[in-house]
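Asker: Below: sequence and its predicted model.
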Amino acid sequence: MSLPLSDKIALVTGASRGIGRASALALAKAGAHVVAVARTEGGLTELDDEIRAATGKPATLVPLDIADGDALDGLGLALHQRFGRLDVLVHAAAILGPMTPVSHLEPKHWDRVVAVNLTATYRLIRTTEPLLRASEAGRAIFLTTGRVAQPKAFWGPYGITKAGMEHMVRTWADELEQTKVRAVLLSPGPMRTRMRAEAMPGEDPQTLPDPSEIGPLVVDLAGKADLGLPHASVVFDRSKAAATHASA
């Protein structure tokens, strides 16, 4: 049976857990060769074991801190030398930051959230654009949040940096309108992730979708013929996803 992403090269950040891990596994099962990036080497190894068990093929594991711009530059060079292109980018790496009033935020914590959630996005775009342009139809998927449109007390560092990321992605997508590269902003909503548990410790995680439920949507966006421009985010809808999966 033909796989929808057969022979595609897919780079996934934040791949050791949560939505990044679920996306990497879904892309691998759809036929893509996954280049998995995360700080946690043990988590990457576990992901590789799962991908091998599901597909019989290994992933490429890249343990690095997404805030290390020089390391991202090196990753872009390594991808160019090994594959010559990048077909799919899923940027899921992010941190919540302290849940505190903006005026109480320590500068070192602010700098870290900006480095991971915003500056790393710029460095990732910078290093992967030539690779995505070399693909027949490069697709870049960036995970965002409803906090951009609905700011809430104590969520400042996360919401602010994600708002900046959205603006960056929309600007970049507009610049690439005449190319075959397309970008999309994907808002997963509340999911059963470690970040959600940090933000909402009193919430019952069993009431939330498992990250694996968003996998089919990521695969669909990665292979979509025409994504258009990201004027609005694609919002994951659990009920629609379940209905689509049941009818497939």
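Answerer: Perfect, thanks for sending it.

Asker: could you pull out the strands for the chain?
Answerer: 9-13, 33-38, 60-63, 88-91, 139-143, 182-187, 234-235 (DSSP state E).

Asker: which one of those strands has the lowest average pLDDT?
Answerer: For the strands of the chain, the stretch scoring lowest in mean pLDDT is strand 234-235; its value is a mean of 86.

Asker: tell me what it is packed against?
Answerer: For strand 234-235, the packing partners by 3 or more C-beta pairs under 8 Å, 6 or more residues apart in numbering; DSSP states H and E come out as strand 182-187. Glycine gets a C-beta too; all of them are placed from N, C-alpha and C.

Asker: and the angle from the strand it packs on to strand 139-143?
Answerer: Counting by axes from the mean of the first three to the mean of the last three C-alpha atoms, to 10 degrees, strand 182-187 points 20 degrees away from the direction of strand 139-143.

Asker: Tabulate the strands of the chain in JSON lines, adding columns for mean neighbour count and distance to Pro107.
Answerer: Output for the strands of the chain, formatted as JSON lines (neighbours: other C-beta atoms under 10 Å; distance: least, C-beta to C-beta, whole Å):
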{"stretch": "strand 9-13", "mean neighbour count": "28", "distance to Pro107": "25"}
{"stretch": "strand 33-38", "mean neighbour count": "27", "distance to Pro107": "26"}
{"stretch": "strand 60-63", "mean neighbour count": "18", "distance to Pro107": "28"}
{"stretch": "strand 88-91", "mean neighbour count": "27", "distance to Pro107": "25"}
{"stretch": "strand 139-143", "mean neighbour count": "26", "distance to Pro107": "26"}
{"stretch": "strand 182-187", "mean neighbour count": "22", "distance to Pro107": "28"}
{"stretch": "strand 234-235", "mean neighbour count": "16", "distance to Pro107": "34"}
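
Asker: could the ones you listed be laid out in CSV, adding distance to Pro98?
Answerer: Below are the strands of the chain laid out as CSV (distance: least, C-beta to C-beta, whole Å):
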stretch, distance to Pro98
strand 9-13, 22
strand 33-38, 22
strand 60-63, 25
strand 88-91, 22
strand 139-143, 20
strand 182-187, 22
strand 234-235, 27
